[in-house]
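**Student:** model this:
(one chain, ligands or ions: 2)
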Amino acid sequence: MHALVPFAAERPKTRLATVLSPDERRSFADAMLSDVLSALEEAGFSPRLLATESTGRDVPETVDDRPLTEAVNAALVDHDPSPDRPLAVVAADLALATPAALSWLTADGDVVIAPGRGGGTNALAVRHPGFRVDYHGASYLDHLRRARDVGASVREVDSWRLATDVDEPSDLVEVLVHGEREARDWLVDAGFELETGDGRVDLTRTG
Ligand SMILES: Nc1nc2c(ncn2[C@@H]2O[C@H](COP(=O)(O)OP(=O)(O)OP(=O)(O)O)[C@@H](O)[C@H]2O)c(=O)[nH]1
Ligand SMILES: C[C@H](OP(=O)(O)O)C(=O)O
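**Tutor:** Ligands and ions are numbered 1, 2, ... in the order given. Presented below is the predicted three-dimensional model:
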């Protein structure tokens, strides 16, 4: 299955600004992107980057500097999905995604949705030609509505690994605990450590 990976290449992960500098955010976002691309490839997907500027990676790439929803919808129109020609859309910040978790996207359904924690949409597989995305806000609910409006059947993917996108500093704890790839190594090399006490596990930075 073809898999589109949208990537905000210029100013990624602004919500991590309290713990990472702009250069660090770019470098960490790049590590997460590498993890998502390699997991997709291992799961048998053919990834294509949809980036706001060229990444120079050795992966098929479309450069489109329009906002996320517009750029993904243009790609959907271009691809014209059908049951025989599905298109997956997978966020670049799914640092815990494994090939096994991503394989759930190949399940039957005109629109297969992997919700993100907090109301978002972390991954989709689209087989219906009329379905369009509407990201930001509670996009999971918006996507359910949009699927219903075009008469598309929906299947929800119940995967904690796909639900865990890395948006805020507390999400970095999940990467340190459960990450298996470059993003976790990046955090360790940058001096991040788990801080365990009486309450919820937190993060500290040394060095
Ligand atoms: N092509 C494209 N991808 C985008 C755009 N905005 C976000 N993305 C990607 O869409 C996915 C989900 O976006 P967010 O979680 O909002 O990521 P982000 O924009 O890097 O993070 P924040 O700045 O903290 O909102 C990630 O893979 C982003 O790289 C955009 O305008 N164009
Ligand atoms: C793009 C957006 O991502 P979030 O802000 O939830 O990470 C969404 O899932 O609609």
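
**Student:** Rounded mean pLDDT for the lengthiest helix in the chain, please.
**Tutor:** The residue-count maximum for a helix in the chain (DSSP state H) belongs to helix 22-42. For helix 22-42, mean pLDDT rounds to 98.

**Student:** Could I get the buried residue list for stretch 22-39?
**Tutor:** Buried positions in stretch 22-39, judged by neighbour count with 16 or more other C-beta atoms under 10 Å: 25-26, 28-37, 39. Every C-beta, even on glycine, is put in place using the N, C-alpha and C of the backbone.

**Student:** what does stretch 57-65 give?
**Tutor:** Here stretch 57-65 shows 59, 61, 64 as buried, counting by 16+ other C-beta under 10 Å.

**Student:** Quick one: residues in contact with it.
**Tutor:** The list of residues contacting stretch 57-65 from outside it, by C-beta atoms under 8 Å, 6 or more residues apart in numbering, reads 37, 46-55, 71, 74-75.

**Student:** and the end-to-end length of that stretch?
**Tutor:** 17 Å (C-alpha to C-alpha, to the nearest Å).

**Student:** where do the helices sit along this structure?
**Tutor:** 22-42, 68-79, 99-102, 139-149, 160-163, 169-178, 182-189.

**Student:** closest one to residue 125 among the ones you listed?
**Tutor:** For those, the distance to residue 125 is smallest for helix 99-102, at 9.9 Å, taking C-beta to C-beta.
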